[in-house]
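*Asks:* For reference, the sequence and a predicted model appear below.
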Amino acid sequence: MDLKTNYMGLELKNPLVVSASPLSMDVDNLRAFEAHGASAVVLRSLYEVQITGEMEGKLDQEDMYFWYPEAAEHVRKISKGQILRPYLSYVEKAKNEVSIPVIASINCYRSGSWVAFAREIEEAGADALELNVSTHLPDSETADARDIERAIRKVVEDVKKQVSIPVSVKIGPYFTSIIAMARELEQAGADSLVIFNRYYRPDIDIEQLEVTSENYLSAPGELSQSLRWVGVLSQHVRCDLAANTGIHDYEAVVKQLLAGATVTQFCSVLYIQGLAYITTMLEDLKWWMKQKRFSSVGDFRGKMVDDRLNSAQFEQVHFVRKNVRMFD
Ligand SMILES: Cc1cc2nc3c(=O)[nH]c(=O)nc-3n(C[C@H](O)[C@H](O)[C@H](O)COP(=O)(O)O)c2cc1C
């Protein structure tokens, strides 16, 4: 059974990649990911403001808290200059500990002096760099969509000038024209698009009358949004696609590959099921391929977008009569 996958020029042993989260910031976990069969790992992100703050010795912490509440723990350490050097050391350590590719990550949305740090990440040994450009949810009444899109494009262009390792771009689904944005990012040099980042999702505790942030893991039902757009984008861009959000079992992996994903990325399932679940997903994937008589991932990748009738369904946004027969 040939599960080998070329992702942005990296030779992966299969299409199961661990996505960015604190899980990847522990070398024991990295060893476990590899032992259980993961083909690559994305490290937890540094934030653009952390890099600028530490490089330039200034940081507006109020601003940081406002935009990135989930980074509060990091912010506390910034004033002591404890972020960038340890991150680089961790990349080096990760490379020494595991032989699977290690992908570093930066959360960012506008270019600036921080992009020079991308080169240091490459020099530390990272095999690739993932830019999560979806961290900033524009909420200003005057923010112009085109300006924001141009700013994101510029981040990618500027980072690509700094590094020779492949660069993936992790986006969110909130673009009026996702296809146009994806093509623009590809033109800017993105070697892969990660579809999609999962946003921090506030909830409300109606007993305590408090806004809460407990809802940080995805559920399997969240797969459909990225599945649709992997299916659509695989017909419009040539760069690789990493499917992300809601991948909790081999079936989700298979669906994303059938829709045209190059690799799948996941982390919530590992929080819920434990790291050994990677082996289960991998074994189940092999079992499914055997049942279907596929001997390599290439035999079925994108199979659901080969056919016009099937591929058109990814773009369908309303029920048509044939889909709602049960109500007749
Ligand atoms: C606790 C936690 C921390 C995360 N930290 C990061 C991060 O640092 N950078 C990033 O790009 N994504 C981060 N993510 C998002 C995940 O990489 C992933 O995109 C998202 O959880 C959707 O995948 P899933 O459905 O498998 O969870 C984090 C997710 C969780 C649950």
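*Replies:* Cool, the structure landed.
*Asks:* Can you give the distance of stretch 296-309 from its chain's centre?
*Replies:* 22 Å (C-alpha atoms, centre = their mean, to the nearest Å).
*Asks:* Can you point out the buried residues in it?
*Replies:* Across stretch 296-309, burial judged by 16 or more other C-beta atoms under 10 Å covers 297, 300, 301, 302, 304, 305. C-beta here means a position set from N, CA and C on the backbone, and glycine is covered the same way.
*Asks:* what helix or strand is residue 229 on?
*Replies:* Using DSSP states H and E, residue 229 sits within helix 223-233.
*Asks:* And for that helix, what's in contact with it?
*Replies:* 173, 178-179, 182, 193, 195-196, 241, 243-248, 252, 255-256, 259-261, 304-305, 311, 313-315 (C-beta atoms under 8 Å, 6 or more residues apart in numbering).
*Asks:* C-terminal to that helix, what's the next element?
*Replies:* Once the chain leaves helix 223-233, the next helix or strand it forms, by DSSP H and E, is strand 240-244.
*Asks:* ok, that following strand: who's next to it in the sheet?
*Replies:* strand 192-195 (parallel), strand 263-266 (parallel) (DSSP bridges).
*Asks:* Show me how far the helix or strand just after that strand is from its chain's centre.
*Replies:* In the C-terminal direction, the helix or strand that comes right after strand 240-244 (DSSP H and E) is helix 250-258. With C-alpha atoms, centre = their mean as the basis, helix 250-258 stands 16 Å off its chain's centre.
*Asks:* Repeat that for stretch 278-294.
*Replies:* Relative to the centre of its chain, stretch 278-294 is centred 23 Å away, using C-alpha atoms, centre = their mean.
*Asks:* Generate a ChimeraX selection restricted to the buried subset of the contacts of helix 223-233.
*Replies:* The following ChimeraX line selects those of the contacts of helix 223-233 that are buried, judged by 16+ other C-beta under 10 Å:
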select :173,178,182,193,195,196,241,243,244,245,246,247,248,252,255,256,259,260,261,304,305,311,314
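*Asks:* Say whether the ligand is contacted by the helix or strand where residue 41 lies.
*Replies:* Assessed by DSSP H and E, residue 41 sits inside strand 40-42. No: judged by C-beta under 6 Å from any ligand atom, strand 40-42 and the ligand are separated, with a smallest distance of 6.7 Å.
*Asks:* Compute the distance from the centre of that strand to the centre of its chain.
*Replies:* Taking C-alpha atoms, centre = their mean, one finds the center of strand 40-42 at 10 Å from the center of the full chain.
*Asks:* buried ones in it?
*Replies:* 40, 41, 42.
*Asks:* got the contact list for that strand?
*Replies:* Contact with strand 40-42 is made by 7, 10, 12, 17-20, 24, 30, 33, 94, 98, 100-105, 127, 130, 263, 265, as judged by C-beta under 8 Å, 6+ apart.
*Asks:* among these, which are within reach of the ligand?
*Replies:* 19, 20, 105.
*Asks:* Filter those residues down to the ones in helices?
*Replies:* Residues of these located in helices (DSSP state H): none.
*Asks:* Make TSV out of those and add neighbour count and pLDDT.
*Replies:* TSV is the format used below for those (neighbours: other C-beta atoms under 10 Å; pLDDT from 0 to 100):
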residue	neighbour count	pLDDT
19	26	98
20	24	97
105	25	97
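*Asks:* So which of those residues sit within strands?
*Replies:* Counting by DSSP state E, those place residue 105 in strands.
*Asks:* Please identify which of the ones next to the ligand among the contacts of strand 40-42 is nearest to residue 282.
*Replies:* Among those, residue 19 lies closest to residue 282 (C-beta to C-beta), at 16.0 Å.
*Asks:* so who does the closest one touch?
*Replies:* 42, 194, 244, 265, 266, 267.
*Asks:* any idea how far the residue nearest to the fourth one when sequence neighbours are not counted is from residue 192?
*Replies:* Leaving aside its sequence neighbours, residue 265 sits nearest to residue 19 (C-beta to C-beta, 6 or more residues apart in numbering; 3.8 Å). Between residue 19 and residue 192 the computed distance is 13 Å (C-beta to C-beta, to the nearest Å).
*Asks:* Quick check: residues of the chain near the ligand?
*Replies:* The chain has residues 19-22, 44-45, 105, 107, 132, 170, 197-198, 216-218, 244-247, 266-269 near the ligand, with proximity defined as C-beta under 6 Å from any ligand atom.
*Asks:* if you set the cut-off to 5 Å instead, what comes out?
*Replies:* Residues of the chain lying close to the ligand (C-beta under 5 Å from any ligand atom) are 19-21, 44-45, 132, 198, 216, 218, 244-245, 266-268.
*Asks:* Out of these, which end up buried?
*Replies:* Listed as buried from the residues of the chain next to the ligand are 19-21, 44-45, 132, 198, 218, 244-245, 266-268; burial here means 16+ other C-beta under 10 Å.
*Asks:* can you tell me the average pLDDT over the lengthiest helix in the chain?
*Replies:* For the chain, the longest helix by residue count, based on DSSP H, is helix 145-162. Mean pLDDT, helix 145-162: 94.
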